[in-house]
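Novice: would you be able to build a 3D model of this:
(one chain, ligands or ions: 3)
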Amino acid sequence: MTTIDYESKIPNNVELSSDKRLQRALEHWLPQYLQWWHEMGPTDFETKDVYLRTAISVDSDGWAQFGHVKMPDYRWGIFLAEGNKDRKIPFGDHMGEDAWQQVPGEYRNWLRRVIVTQADTEPASVEQQRLLAHTAPSLYDMRNLFQVNVEEGRHLWAMVYLLHTYFGKDGREEAEELLERRSGNPDHPRILGTFNEPCRSWLDFFCFTMFTDRDGKFQLLSLAESGFDPLARTCRFMLTEEAHHMFVGQTGVGRVVQRACEVMKEVGRDPKAVREQGAIDLPTLQRYVNFWVSSSNDLYGAEVSSNSANYFGASLKGRAWEEKKYDDHTALEQSKDIETWDGKTLSHEEVPLRNAMNEVLREEYIEDNQKGINYWNRIIKEQGVDFELRLPNRRFNRNIGMYAGYRFDLDGKPIDEAAWKAGESAWLPTEDDRVYIDSLMVKVTEPGKFASWIAPPPKGINGNPLDFEYVRL
Ligand code: BYC
Ligand code: FE
Ligand code: FE
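Specialist: Ligands and ions are numbered 1, 2, ... in the order given. Modelled structure (predicted):
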């Protein structure tokens, strides 16, 4: 059991105080981070007390404490899940060897690249969400936004700790660049596409935490069994926090659905009539879902990828639930039947399994997304409304991989440009949708009150009532 040092500048359970050079390097990065938070974190709420959960240990029960803090005073710490010194590498070419406590020289570049890519998403999401508090539908929701934001900040800390500790000078340089790239900046963008997309409204935010944070879940799962033990332990603890982000998305959209149904029972299913009542009609919600799902599908990379084969072979990045779910962990003799598209026709091809690891992970992700859709459809059904939400086919609206540059409808049927043009406004949010959604986004700050377009949640946070002052404005 590692002890937690909660007193030093950077709370940690990695015995930071025993490595003065590292401690100094991180303490040098800290003010740069705070400066970035000041410039790119949530605007205008730095002086407010927010009811936040802060990680203070890695015990499975009681790892967090709740209390009102100002966000810049949040204790961003470095916490790794408990290690096991006898741990063996569970997959890939190094299966059965002792897990690495240092970076294997031959894999240094691959590993750095994976860590930097993971790291880059964390501050990106904070940047994408920085204006949303101004239009929060309640104090409860505003607090959840801030909770997600500070934890994404902590995830950045988790990755920067690895870069500083294990990658020397170039690790420190990467850590600085993580504070320099900017979401959506054409000259200096974030690395992955979705993290440059604007998160303009709370409907975007809820879809983002539902579908894009869920990519985080699966990427972290696949790194949580990495042969590089510090990475595995970091990711395992990050997953604990990640669950809340997806809760925010799943229940956030669920409450939008609930409200839409209540209104539909009164005025019928005509979207115009639903909008007249200040709710979000379900076809519009579906278009937002289609956008964020298709963009997030891109986050798994190409269907057939030599990078993914390299990472798996090198025992750096496995599959989700690698040890528990699979019998064979070499993936050497096996192949995967994947669907292929040559620009004209869809067919099937056997691909060496290691080259199909991106697709394996994407499939797990799609299955998990479907469970979320089912949960929303149960709400609709319980309300007695005749409507079903759905996932778009994985081929729909892709920018990465073999389907990129071609047109497919929601069912994944190849279509020509004219059919796309004819269907697009029914499939993806239109400017008219966005203007309407924007018009709903007004800040509600009275404790216990909620905006017209969203139902209240069934209960508050950490046993507190709904009218608790989650943010003291
Ligand atoms: N956008 O072989 P390919 C989270 C690039 S989310 C732009 O297809 P590979 C969070 C790729 O980099 C979890 N570029 O892909 C969520 C490569 O570039 P180069 C984040 C893309 O490498 C919410 C080229 O295309 N973690 O934590 O097998 C809030 C061809 O590469 C994209 C990770 O992603 C894209 N979508 O797989 C906060 C884990 N996709 O070499 C946080 C680490 C691919 O031509 N990352 N490219 O320059 C990885 O494991 C892999 O880099 C990827 C891509 C799975 C992302
Ligand atoms: Fe994260
Ligand atoms: Fe997250």
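
Novice: which residues of the protein lie near ligand 1?
Specialist: 114, 117-118, 121-122, 125, 152, 192-193, 212-213, 215-216, 219, 298-302, 305, 307-308, 317, 358, 400 (C-beta under 6 Å from any ligand atom). Just so you know, the C-beta spots here come from the backbone N, C-alpha and C atoms, and that holds for glycine as well.

Novice: need the contact partners of stretch 84-94.
Specialist: For stretch 84-94, contacts defined as C-beta atoms under 8 Å, 6 or more residues apart in numbering pick out 95-100, 225, 227, 229, 312-316, 318-319, 322-323, 329-331.

Novice: of those residues, which belong to helices?
Specialist: D229, F312, G313, E322, E323 (DSSP state H).

Novice: thinking again about what came up before, which ones among the contacts of stretch 84-94 map onto strands?
Specialist: With DSSP state E as the criterion, strands contain none of the contacts of stretch 84-94.

Novice: can you report how many residues lie near the residue of the stretch 51-200 of the chain found nearest ligand 2?
Specialist: In the stretch 51-200 of the chain, the residue that lies nearest ligand 2 is H155 (3.6 Å; C-beta to the ion). The number of residues packed near H155 is 27, by other C-beta atoms under 10 Å.

Novice: which residues touch P123?
Specialist: W36, M40, E152, G153, L156, L178, L179, R181.

Novice: picking that back up, buried only: go through the residues of the chain next to ligand 1 for me.
Specialist: Neighbour-count burial (16 or more other C-beta atoms under 10 Å) applied to the residues of the chain next to ligand 1 gives 114, 117-118, 121-122, 125, 152, 192, 212-213, 215-216, 219, 298-302, 305, 307-308, 317, 358, 400.

Novice: what's around the closest residue to I4 other than its chain neighbours, how many residues?
Specialist: Nearest residue to I4 in three dimensions, chain neighbours excluded: N13, at 4.9 Å (C-beta to C-beta, 6 or more residues apart in numbering). Burial measure for N13: 23 neighbouring residues, criterion other C-beta under 10 Å.

Novice: for N13, give me its contacts.
Specialist: By C-beta under 8 Å, 6+ apart, the contact list for N13 reads T2, T3, I4, D5, S57, V58, I78, F79, L80.

Novice: who wins for neighbours among those residues?
Specialist: When neighbours are taken as other C-beta under 10 Å, the top entry among the contacts of N13 is F79 (25 neighbours).

Novice: that residue touches T54, doesn't it?
Specialist: No - the pair F79 / T54 is not scored as a contact, 10.7 Å apart, by C-beta atoms under 8 Å.

Novice: can you list contacts of stretch 54-71?
Specialist: Stretch 54-71 is contacted from outside by 2, 4, 6, 11, 13, 37, 41-42, 45-53, 74-75, 77, 79-82, 146, 149-150, 154, 237, 240-241, 461-462, 472, using C-beta under 8 Å, 6+ apart.

Novice: so which bits of it are buried?
Specialist: T54, A55, I56, S57, V58, W63, A64, V69, M71.

Novice: need the three-state assignment for the fourth one.
Specialist: Remark: S57 carries the secondary structure label coil [criterion: DSSP: H, G, I helix; E, B strand; the rest coil].

Novice: quick one: the helices in the protein?
Specialist: Going by DSSP H, the chain shows helices at 20-40, 108-128, 139-166, 168-178, 202-207, 213-223, 229-267, 271-276, 282-297, 306-313, 322-325, 357-382, 417-427, 431-440.

Novice: by how many degrees do the last one and helix 417-427 diverge?
Specialist: Interaxial angle, helix 431-440 versus helix 417-427 (axes from the mean of the first three to the mean of the last three C-alpha atoms, to 10 degrees): 20 degrees.

Novice: could you measure from the closest residue to V14 other than its chain neighbours over to ligand 3?
Specialist: Spatial nearest neighbour of V14, chain neighbours left out: I78 (5.6 Å); criterion: C-beta to C-beta, 6+ apart. Relative to ligand 3, I78 is positioned 17 Å away (C-beta to the ion, to the nearest Å).

Novice: same check, this time on G171
Specialist: Taken as C-beta to the ion, the span from G171 to ligand 3 is 23 Å.

Novice: what's near enough to touch Q32?
Specialist: Q32 neighbours (C-beta under 8 Å, 6+ apart): E176, L179.

Novice: what do you get if the cut-off is 6 Å, keeping everything else the same?
Specialist: Q32 sits next to L179 when contact means C-beta atoms under 6 Å, 6 or more residues apart in numbering.

Novice: which among the contacts of stretch 84-94 end up buried?
Specialist: Neighbour counting by 16+ other C-beta under 10 Å classes 99-100, 225, 227, 229, 312-316, 318-319, 322, 329, 331 among the contacts of stretch 84-94 as buried.

Novice: just the pLDDT for the residue in the stretch 251-400 of the chain positioned nearest to ligand 2.
Specialist: Residue of the stretch 251-400 of the chain nearest ligand 2, by C-beta to the ion: L299 (12.7 Å). Looking at L299, its pLDDT reads 98.

Novice: burial measure for N462, as a count.
Specialist: The tally of other residues near N462 (other C-beta under 10 Å) stands at 12.

Novice: no no, E367
Specialist: 10.

Novice: and the gap between A25 and ligand 1?
Specialist: Separation of A25 from ligand 1 (C-beta to the nearest ligand atom, to the nearest Å): 23 Å.

Novice: quick revisit: now for the buried residues of stretch 54-71: which two are most distant?
Specialist: Using C-beta to C-beta, the pair of those lying farthest apart is V58 and M71, separated by 22.6 Å.

Novice: follow-up on the earlier one: ok, the residue of the stretch 51-200 of the chain closest to ligand 2 touching E122?
Specialist: Yes - counting by C-beta atoms under 6 Å, H155 does reach E122; the two are 4.2 Å apart.

Novice: so what's the residue nearest to V253 when sequence neighbours are not counted up against?
Specialist: Of all residues not flanking V253 in the chain, F206 sits nearest, at 4.8 Å (C-beta to C-beta, 6+ apart). With contact taken as C-beta under 6 Å, 6+ apart, F206 is in contact with G249, G252, V253.

Novice: closest to E174 among the contacts of N13?
Specialist: I78 (16.6 Å).

Novice: wait, what's in contact with Q250?
Specialist: Residues near Q250 by C-beta under 6 Å, 6+ apart: M210, G372.

Novice: so how far is R200 from it?
Specialist: From Q250 over to R200 the distance is 20 Å, taken as C-beta to C-beta, to the nearest Å.

Novice: got it, and S347?
Specialist: Taking C-beta to C-beta, one finds S347 at 39 Å from R200.

Novice: who has more neighbours out of those two?
Specialist: R200 (17 against 9).

Novice: list phi and psi for the more buried one.
Specialist: Main-chain dihedrals, R200, degrees, to the nearest 10: phi -80, psi -30.

Novice: burial check on the residue nearest to it when sequence neighbours are not counted, number of neighbours?
Specialist: Closest residue in space to R200, ignoring its immediate chain neighbours: R434 at 6.5 Å, by C-beta to C-beta, 6+ apart. Applying other C-beta under 10 Å, we find 18 residues neighbouring R434.

Novice: about what we covered before: out of the contacts of stretch 84-94, who's near ligand 2?
Specialist: Filtering the contacts of stretch 84-94 for proximity to ligand 2 by C-beta under 5 Å from the ion leaves nothing.
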